[in-house]
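S.K.: Predicted model follows, preceded by the sequence.
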Amino acid sequence: MKGRVTVRLKPDVLDVEGKAVSGALARLGFDDAHGVRVGKVFEVELGDVDPAVARERLEAMARKLLANPVMETFSVEVE
Amino acid sequence: MKGRVTVRLKPDVLDVEGKAVSGALARLGFDDAHGVRVGKVFEVELGDVDPAVARERLEAMARKLLANPVMETFSVEVE
Amino acid sequence: MRFAVVSFPGSNCDDDCVRVATEVLGETAWKVRHDERDLRRPDVVLLPGGFSYGDYLRCGAIASLSPVMEAVAAFARAGGPVLGICNGFQVLTESHLLPGALLRNAGLKFICEDAHVRVDGRPTPFTAGVQGVLRLPIAHNEGRYHADADTLARLEGEGRVVFRYCGPDGTVSDAFNPNGASANIAGICNEGGNVVGMMPHPERNAEPLLGNGQGRALFDAALRLVGGAR
Amino acid sequence: MKPPYTPEIIRQHGLTADEYARVERLIGRAPTWPELGVFSVLWSEHCAYKSSRVHLRRLPTTGPKVIQGPGENAGVIDAGDGWAVVFKMESHNHPSYIEPYQGAATGVGGILRDVFTMGARPVALLDALRFGRPDHPKTPHLVEGVVHGIGGYGNCVGVPTVGGDAMFDASYDGNILVNAMAVGVARADRIFLGRAEGVGNPVFYVGSKTGRDGIHGATMASEEFGEDSESRRPTVQVGDPFTEKLLIEACLEVMGEDLLVGIQDMGAAGLTSSSCEMASRSGSGLHLKLEAVPVRESNMTPYELLLSESQERMLMVCERGREQRLIDIVTRWGLDVCEVGTVTDTGRFVCSWHGEVVVDVPVAALVDDAPKYERPMRAATTPPAVGEVPVPADLGATLVQLLARPSIASKRWIYRQYDHMVRTGTALRPGDGDAAVVRLPETRRGIAMSVGCNGRQCALDPRVGAALAVYEAAINVACVGARPTAITDCLNFASPERPEVMWQLSQAIDGIAEACRALDTPVVSGNVSLYNETEGRGIHPTPMIGMVGLMDDVATVRGAAFPSADLAVVLVGGAAPVLGGSEYLLLATGELAGPPPAFDAAQARATIETLLAAHADGLVLSAHDCSEGGLAVALAECCFGRDVGAAIAVVGEGRDDVMLFGEAQGRVVVATDRPDALLAVAAKHGVPAAILGRTGGDRLRVRCAERTLIDAPVAELRRGWATALEEMLR
Ligand SMILES: Nc1ncnc2c1ncn2[C@@H]1O[C@H](COP(=O)(O)OP(=O)(O)O)[C@@H](O)[C@H]1O
Ligand SMILES: [Mg+2]
């Protein structure tokens, strides 16, 4: 079972990296691309577990370590 | 139209962050989680375009800027 | 006076903190490892700068889960003076001993240079009797202080912003904000005032050879306070 | 893969047909596949110095202060009070061109390991960088990546990057130089060597696990770039400074107890070179059990395990019976530690894989019998002489332009990204003085360091240019108040298979030797990087010099900036400035023409002695030597640090532009409150010196007789100088 946690900055937190990427894309001529936001994905190998259990574990990992609720939100997927 | 580029390290490339996260998860008792790999997601606002066009543009952005072909691979999704 | 300096894997200013306490101040100091649970009865706890766990994931995040942090939290709850410097500040926010978070510098680059900071807010063990503007080195990649509007309002209202980036004359403005921190915040304290986190490095300018020695004032303040209480 | 090997396979291993025949002759049969890999890396230019070795012998490597000269992982000098300074410089040019961040980062990691493997605590890093033209399309990306990579690694391991050097020139367009120097301190009687001694002693592998990183990195560093270098990309190595930090602490702790017989880092050619070099130095043999090597990937083969350049790994030979202590210490630092073999007396390098012998060759065949070439040499054609250059009407405007040339402009954009203060020992920071200074721990002493080399001068005359590089590095160290003591070098050249390049290398070595003899600064370590060329176009010969100096009292350091108003400004040193190879000439004509400035060994020595004597008498309040951009640029830079202007009168009959912007090593702008005493010291040493004027005001004014040559506000001069690098990268 493989799982994935995606961590994103909260919408009200200034994403300086996203802003820089937007600027660089614009300079490359991708002027229709804007508001880029940069997040992180953690791909986790979970062994042989039930999808519901996997999902729970991923959420626990995200809450305890992978995301900081002061500035980030997260979402979880299992394959 | 919203798009997303996920950039991952190539499988043979050492993922130092993934290594640190795996270690921390193990210390937290998530001993079934291993081989964590960390990637980046770029979420891009693309305006009003056809999904096929959007996909093409995202791929071009990834090739030109978002991914480093020396060490990374990427995949693209449109919503 | 007795200083405990917490050392996480990847801390690299732990020796510098010990050095200031012993060689500059002539006091006693020791390192406490991340996996220890006994601080060994210090008067002050220092969380040093560096790259705990490589700063991978988020700065200070992995360190905040170390066994030693339970001891630090207990020490802080009991009113013990704790100073987190740079990565130490990041560890304190990740441990929720201080509010907010430290994000990537607005310029997206590591910054190493001298900055001026104004001593503000209410007195803390490290700022009581310290006034005016200090020139202190900064060296960080994630020093942009962030907190939600309510938290910021509370920090300001309670006088808990203890250092602000400023010009040499004390002017606080965007021109003197090296990393984009909210309200030029360079350091804050907790509700009790005993836990202080700051991005600048007072230990790097605690003797004239390394600058003008102004960083020593923070350690002297702690000496006065703790020394007086004893 | 099994023998016989096709010519194509042999070529891919960087071996010529003759070299391959030599391999078969030496071992009496065709090599196994892993053996072929082992020969390939150990006989590469990078590891075997096959083109340079015969010339390197001419360098002076001994002296009263030398504890360890070339041949070990780093050089060691005596710093007094029982302390030793350990240092070395190394290149990571090719990897940095392919992947600037990781290439530069792993360069820093590698040079640090060379230093702490000797038992030294690293206390300083310096970086010497060469990039292509500022307006070359690739330059900004390379600059950003390399600087980010050096900072990313150095900052995290907690070793301050205290100085460096950065120049831009079209000759580096397709071949940048990333040279890193590390400096460490150790107790003089606790130096560790890379030796595999004591039959039966266990060999331990310590550090990160092995992956498929950088396989064939060493051969890559020995080949010129071609069109297909892009396809070699999967071989990049990734650095993990966090692990390196743990490795430093673990190694130093292990070395603090009597556990080790020898230790060596796994650098280029990884496990192979570390083990063979250790066995070679002590005339022993080694038996490695490759299946014991900790791995990161599945299905790694013996070939890959032997050739991997995974970072942050060390090989230790432990005293038999003390292994548990070693294991305990390393494990406590959270690192992998495994016994992977034993020391033997067979003189053979033997590797087995689950019981089957896959490598069994004499160590001597791999190391001592590696090919050494006396490659043909031919003097390069003499570059054109300086032609017609009209004297600019507005010398002030020329000065402003020169100050904004990226090679001359402030390097703050670079060193602001480096933690240069960690370890609370940096007494002179980047940008503040001609050399960086760190405190020698537990003493009042200081260590001064400077790196550099003017490749243009070397292109014009490699012998003189190399001597001038040594001299300038020494002057820099003397300017801050330290005695130049020893050097490390990194010889960056194009393909040795071209006779002109071989000649340049040979000449440069002679120039270094001459200057080092004159200045009593032996060469204690170094590195050679050849094949720095792309499609037949080579770099300027660039023998980078890293000088280390010592001072008794670190509190007496002097910076480059005029400290205050109302001081006398004195020019010490009598070298004659010339336009040949100058930044000004390049600005004016776009051409490289000569001849370069001259090198006068006796004057060089006397000038250094003058500076040191003046420091000893407390006569020097600031000192800055004239280098790129000449006297006018040096004066302006002296004004910038503390916003102190100056009124200067130059004397001379030559052209104004030569006087102001001409270049020559060995001229130092000194601010002093006792000019007469300073002149007397210079006279005693037979060195010309002249009072130029006084500090003060907020303008830099330069007169010659009745004519005003330059008159500009310091703030105005500073503007372009301060921002040029950032502008270039925009
Ligand atoms: N790549 C670099 N890394 C760190 N510091 C650098 C680098 N390049 C230049 N510096 C620092 O900037 C200052 C000015 O450098 P430079 O112009 O080469 O000196 P000089 O005036 O002796 O020619 C020095 O302190 C030097 O150490
Ligand atoms: Mg100089």
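M.R.: Yep, that arrived. Ligands and ions are numbered 1, 2, ... in the order given.

S.K.: secondary structure element for the residue in chain A that chain C sits nearest to?
M.R.: Chain C sits closest to A:Val70 of chain A, with a gap of 4.4 Å, by C-beta to the nearest C-beta. Placement of C-beta: from N, CA and C, glycine included. Per DSSP states H and E, A:Val70 falls between elements, in no helix or strand.

S.K.: Pop out the phi and psi values for D:Ile111.
M.R.: phi -70, psi -30 (degrees, to the nearest 10).

S.K.: wouldn't it be in contact with D:Ala182 here?
M.R.: Yes - judged on C-beta atoms under 8 Å, D:Ile111 makes contact with D:Ala182 at a distance of 4.4 Å.

S.K.: Need the overlap of contacts for these two.
M.R.: Common neighbours of D:Ile111 and D:Ala182, counting by C-beta atoms under 8 Å, 6 or more residues apart in numbering or on different chains, are D:Lys88, D:Met89, D:Leu125.

S.K.: did I read that right, D:Leu306 in a helix?
M.R.: Yes - checked against DSSP: H, G, I helix; E, B strand; the rest coil, D:Leu306 lies within a helix.

S.K.: per-residue pLDDT, it?
M.R.: You'll see D:Leu306 listed with a pLDDT of 96.

S.K.: Spit out the contact partners of the residue of chain A closest to chain C.
M.R.: C:Thr93, C:Pro99, C:Gly100, C:Ala101, C:His146, C:Ala147, C:Asp148 are the contacts of A:Val70 under C-beta under 8 Å, 6+ apart.

S.K.: Looking at those, spot the one nearest ligand 2.
M.R.: Among these, C:His146 lies closest to ligand 2 (C-beta to the ion), at 41.8 Å.

S.K.: can you map out the helices along the chain?
M.R.: Chain wasn't specified; assuming chain A. A:16-27, A:51-61 (DSSP state H).

S.K.: Sorry, I should have been clearer: chain C.
M.R.: For chain C, the helices defined by DSSP H cover C:14-19, C:67-77, C:87-94, C:149-157, C:216-229.

S.K.: Which residue, other than its chain neighbours, is closest to the residue in chain A that ligand 2 sits nearest to?
M.R.: Going by C-beta to the ion, ligand 2 is nearest to A:Ala20 of chain A, at 34.8 Å. Nearest residue to A:Ala20 in three dimensions, chain neighbours excluded: C:Leu108, at 5.8 Å (C-beta to C-beta, 6 or more residues apart in numbering or on different chains).

S.K.: Backbone dihedrals for the residue located most distally from the centre of chain A, both of them.
M.R.: In terms of distance from the mean C-alpha position of chain A, A:Gly29 ranks first, at 26.3 Å (C-alpha atoms, centre = their mean). A:Gly29 has phi and psi values of phi 100, psi 0 when expressed as degrees, to the nearest 10.

S.K.: Near chain C, which residues of chain D are found?
M.R.: Residues of chain D lying near chain C by C-beta under 8 Å from any C-beta of the partner chain: D:148, D:151-152, D:155-158, D:240-243, D:245-246, D:333-334, D:415-424, D:426-427, D:439, D:554-555.

S.K.: What segments of the stretch 451-600 of chain D are strands?
M.R.: D:483-492, D:523-529, D:533-534, D:537-538, D:542-551, D:568-572 (DSSP state E, counting those that start in this stretch).

S.K.: Quick check: which of those strands is nearest to D:Gly103?
M.R.: strand D:523-529 (12.8 Å; C-beta to C-beta).

S.K.: Break down chain C into its strands, ranges please.
M.R.: C:2-7, C:28-33, C:44-47, C:82-85, C:101-103, C:111-119, C:133-140, C:144-146, C:161-166, C:185-189, C:195-198 (DSSP state E).

S.K.: out of the helices of chain A, nearest to C:Cys112?
M.R.: helix A:16-27 (18.6 Å).

S.K.: Need the contact partners of the closest one.
M.R.: Contacts of helix A:16-27 (C-beta under 8 Å, 6+ apart): A:9, A:33-38, B:42, B:44, B:61, B:65-66, C:103-106, C:108, C:144, C:180.

S.K.: which of those residues count as buried?
M.R.: Taking 16 or more other C-beta atoms under 10 Å in any protein chain shown as the criterion, what is buried in the contacts of helix A:16-27 is A:9, A:33-34, A:36-38, B:42, B:44, B:61, B:65-66, C:103-106, C:144, C:180.

S.K.: can I assume D:Ile691 sits in a strand?
M.R.: Yes - under three-state DSSP, D:Ile691 falls within a strand.

S.K.: so what's the nearest residue to D:Arg498 once chain neighbours are set aside bridging to?
M.R.: Distance criterion C-beta to C-beta, 6+ apart; nearest residue to D:Arg498, sequence neighbours excluded, is D:Gly538 at 7.4 Å. Using DSSP bridges, the beta-bridge partners of D:Gly538 come out as D:Glu533.
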